[in-house]
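Trainee: Got a predicted structure here, sequence first:
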There are 2 protein chains.
Amino acid sequence: MNDDNGLNLNCPIPISDYPRVLLAHGGGGKLMHQLIDKIFAAAFKNPLLETRHDGAVLETVPGKIAFTTDSYVVHPLFFPGGDIGSLAVNGTVNDLAMCGARPLYLSAGFIIEEGFLMESLWRVAQSMQKAADTAGVSIVTGDTKVVDRGHGHGVFINTAGVGIIEHDLIINPKEVKVGDAIIINGDIGRHGIAIMAKREGLEFETEIESDCASLAGSVRELIKADIEIHCLRDLTRGGLATTLVEIAESSGRQIWLDEKTIPVREDVRGACEILGFEPGYVANEGRFAAFIAEKDTEKAVEILRARCNWPEAVVIGRVTEENSAEVIMKSVIGAERVLDMLSGEQLPRIC
Amino acid sequence: MNDDNGLNLNCPIPISDYPRVLLAHGGGGKLMHQLIDKIFAAAFKNPLLETRHDGAVLETVPGKIAFTTDSYVVHPLFFPGGDIGSLAVNGTVNDLAMCGARPLYLSAGFIIEEGFLMESLWRVAQSMQKAADTAGVSIVTGDTKVVDRGHGHGVFINTAGVGIIEHDLIINPKEVKVGDAIIINGDIGRHGIAIMAKREGLEFETEIESDCASLAGSVRELIKADIEIHCLRDLTRGGLATTLVEIAESSGRQIWLDEKTIPVREDVRGACEILGFEPGYVANEGRFAAFIAEKDTEKAVEILRARCNWPEAVVIGRVTEENSAEVIMKSVIGAERVLDMLSGEQLPRIC
């Protein structure tokens, strides 16, 4: 029996045997082997994982690889548009893509709280595999720990990723150049608001779904088309504003933004007003900013819209000739202001 | 001011400002940037980390790489002979070494509980760097999350590792051959007992220290000397017995052990008797079993003793001609019995 997302609802460890994860499932003995076999190996089936060694042995090409990691502690674990599993795959895939790499291999480390529902773990594992299939990556090695009840929160997932770099571009904040266009691939703020709404039981007229998605294909299309990319960054914790401030600071450049060009869905804008957030500081999980050489601007927007299914891809600003290491935004009413990083905690545990 | 282990006791984030980690330290804003700069970047200083990108870009050689991950949830965080930091580095370094790889790069993902002492985090970070220096690896990318008080346990650390394979050996349980000698590098059971003693406040005549150590150098020496290695495995969760049962099951071979040859320190044996454990099932963090072609047995033991500083390295058994996929141990009193995997949870959260 499958659910709406095509996930198999029949947990391979019978609920009647082990309805919940026990400390012993992390103890290195028989129960851990059963958990790994029936849940993780069943969901992530691939030849590399099947060697069951302490690690995976991978063939690489000469040249450069990218290596990254993120832990995922999002709460609630399941939310409109995704869950901790799809987030854990897409988040790390996107970090690799932002290095200009083609994501290939992921590791998965689970820290499970004693008492976590076995069915939920199975659902998360399948969701990871579905996201991995979409992004074209394999989960090749992993680890399972179980912590005492009250010392975790359902499940935390760490994924690390390895990707290969198949071009000569250097993609890095230091490469940002005067005149670069700043392009984003769609509307901002949905992931953070989706989590917040679910967590706080808020209801809006329409359901706000997370934008959680892989960006690997989009980056690959831009590179394939020989677009001169200078910098890529996904708009996660801290949102668009914090990300751009970071890049302005690392590059020493001044970034100029036009607020009215930044797509924000009406329901997201409304929710932000009610909750007292600015959409520019809310986390996204399938949005990125690309710093593109002036000459390639239109072509890059066209590729994102036509080939990558981002109809709202748009230029939101540019890199000026000033070297002030700051982000200046022209507001919808025409006033200019300097943007700051998010200070403190706006939305905890959104990723 | 340095402590006995040469660690700098002056936390770079003044205790007067932030004595404890706040949720905001994981929020993606200013405080998170300060935490990363002052604690992690300061401890793990290296050029790759300094690019501050979403991931690290690494040069590799053509051929094979190994990729592995482990999460560390050990409790207590600090114990005789190590702490969660040294464990998080050595554990993953050792998993790479067990693939026959030369460990090069680590990622570090921190899941910190709100309220964790900033000084403890600094101590853990320094301890990681010290272990990384010893093992010859760099921590090149990372991630920081903070979870609400009561939903974590001080700090959990995930490390993933990348290493290169510079030889043509295939090191894998499937390569285990009839006649192979099984060599271990020293006495077993100390890590698990050290954790347990500290956790339960047990006092023995002598302090039992964890055996936590890097095995990368030892594997490199064996490979350099052209020892025909068939399989390597570190003796972590589940201990020596569970590890050998796993290898017997994957290879289909029968493993024969002579209990009297297995080194166990007297104080560890005593503690095991009091606590009702068998030393063969207690976790180690710096011990491994090597399956070595019969012809190279003596040479391998000699290398481990003379070049790798493992004076107690010893042959504890061999692979027989039977294909029973089981481990048979001749006990000190001469009786033979079939060893089973650890069933259930013996010592939770020892790694």
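Mentor: That came through, no problem. Numbering: from 1, shown residues only, chains lettered A, B, ... in the order given.
Trainee: Please make it C-alpha for all contacts and neighbour counts, starting now.
Mentor: Fine.
Trainee: ok, the spatially closest residue to A:Thr261 that is not a sequence neighbour - how many residues close by?
Mentor: Distances taken as CA to CA, 6 or more residues apart in numbering or on different chains place A:Ile316 nearest to A:Thr261, at 5.4 Å, with adjacent residues excluded. If you count neighbours by other CA atoms under 10 Å in any protein chain shown, A:Ile316 ends up with 19.
Trainee: and A:Ile316, that's in a strand?
Mentor: Yes - A:Ile316: assigned to a strand according to DSSP: H, G, I helix; E, B strand; the rest coil.
Trainee: show me the contacts for it.
Mentor: The neighbourhood of A:Ile316, defined by CA atoms under 8 Å, 6 or more residues apart in numbering or on different chains, consists of A:181-184, A:257-259, A:261-262.
Trainee: same thing but 7 Å
Mentor: When the contact criterion is CA atoms under 7 Å, 6 or more residues apart in numbering or on different chains, the partners of A:Ile316 are A:182-183, A:257-258, A:261-262.
Trainee: Equivalent analysis for A:Cys11, please.
Mentor: By CA under 7 Å, 6+ apart, A:Cys11 lies in contact with A:119, A:122.
Trainee: what do you get for A:Ala88?
Mentor: A:Ala88 sits in contact with A:72, A:157, A:159, where contact means CA under 7 Å, 6+ apart.
Trainee: Mind telling me what element it is part of?
Mentor: Assigned by DSSP states H and E, A:Ala88 falls within helix A:84-98.
Trainee: what does the average pLDDT come to for that helix?
Mentor: Here helix A:84-98 scores 98 as its mean pLDDT.
Trainee: Stretch A:306-320 now?
Mentor: For stretch A:306-320, mean pLDDT is 98.
Trainee: So A:Ala289 is in contact with A:Arg233, correct?
Mentor: Yes - A:Ala289 is within contact range of A:Arg233, at 5.4 Å (criterion: CA atoms under 7 Å).
Trainee: if we can go back for a sec, return the subset of the contacts of A:Ala88 lying in strands.
Mentor: Among the contacts of A:Ala88, the ones falling in strands (DSSP state E) are A:72, A:157, A:159.
Trainee: Buried subset of the contacts of A:Ile316, written for ChimeraX?
Mentor: Under the burial definition 16 or more other CA atoms under 10 Å in any protein chain shown, those of those that qualify are selected in ChimeraX by:
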select /A:182,183,257,258,262
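Trainee: can you tell me how far A:Gly27 sits from B:Thr236?
Mentor: With distances taken as CA to CA, to the nearest Å, A:Gly27 is found 10 Å from B:Thr236.
Trainee: Then A:His167?
Mentor: 41 Å.
Trainee: and the two? which has more neighbours close in?
Mentor: The residue with more neighbours, out of A:His167 and B:Thr236, is B:Thr236; 24 against 13, by other CA under 10 Å.
Trainee: and the stretch 101-250 of chain A, which residues reach chain B?
Mentor: Within the stretch 101-250 of chain A, the positions adjacent to chain B are A:107, A:109, A:141-143, A:145, A:147, A:150-153, A:158, A:160, A:237-238, A:242 by CA under 7 Å from any CA of the partner chain.
Trainee: give the contact list for the residue positioned nearest the centre of chain A.
Mentor: Of all residues in chain A, the one closest to the mean position by CA atoms, centre = their mean is A:Gly91, 2.6 Å from it. A:Gly91 is in contact with A:Glu285, counting by CA under 7 Å, 6+ apart.
Trainee: for A:Leu121, phi and psi?
Mentor: In this entry, A:Leu121 is assigned phi and psi values of phi -60, psi -40 (degrees, to the nearest 10).
Trainee: quick one: contacts for it?
Mentor: With the criterion set at CA under 7 Å, 6+ apart, A:Leu121 makes contact with nothing.
Trainee: Kindly recompute the last result at 8 Å.
Mentor: If you count contacts by CA under 8 Å, 6+ apart, A:Leu121 has them with A:Ile39.
Trainee: next one: A:Arg220
Mentor: For A:Arg220, the set of contacting residues under the criterion of CA under 8 Å, 6+ apart consists of A:100, A:102.
Trainee: Could you tell me which residues within the helix or strand harbouring it count as buried?
Mentor: Remark: A:Arg220 resides in helix A:216-224, with elements defined by DSSP H and E. Within helix A:216-224, the residues that qualify as buried by neighbour count (16+ other CA under 10 Å) are A:216-223.
Trainee: what lines up beside the following helix or strand past it in the sheet?
Mentor: Counting by DSSP H and E, the element after helix A:216-224 in chain order, helix or strand, is strand A:229-234. Here the strand partners of strand A:229-234, with direction, are listed using DSSP bridges: strand A:288-292 (antiparallel).
Trainee: which residues touch the partner strand?
Mentor: Counting contacts by CA under 8 Å, 6+ apart, the residues outside strand A:288-292 that touch it are A:176, A:180-185, A:215, A:227-235, A:240, A:300.
Trainee: Quick check: what element follows that strand along the chain?
Mentor: Using DSSP H and E, the helix or strand that follows strand A:288-292 in sequence is helix A:297-306.
Trainee: What residues of that following helix count as buried?
Mentor: When burial is assessed from 16+ other CA under 10 Å, helix A:297-306 yields the following buried residues: A:297, A:300-301, A:303-305.
Trainee: cool, and stretch A:34-49?
Mentor: Neighbour counts using 16+ other CA under 10 Å place A:35-37, A:39-44, A:48-49 of stretch A:34-49 among the buried residues.
Trainee: for stretch A:125-138, same thing?
Mentor: For stretch A:125-138, a neighbour-count test (16+ other CA under 10 Å) marks A:125-132, A:135-138 as buried.
Trainee: Any stretches of the stretch 201-350 of chain A with poor pLDDT?
Mentor: Along the stretch 201-350 of chain A, segments meeting pLDDT under 70 span A:344-346.
Trainee: right, is stretch A:269-286 up against chain B?
Mentor: No - using CA under 8 Å from any CA of the partner chain, stretch A:269-286 stays clear of chain B, coming no nearer than 9.3 Å.
Trainee: hmm, who's touching that stretch?
Mentor: A:87, A:90-91, A:94, A:188-193, A:204, A:210-215, A:234-242, A:264, A:268, A:342, A:346-347, A:350.
Trainee: Next: stretch A:42-62.
Mentor: A:41, A:122, A:125-126, A:129, A:138-142, A:164, B:60-69, B:95-96, B:98-99, B:172-173, B:233.
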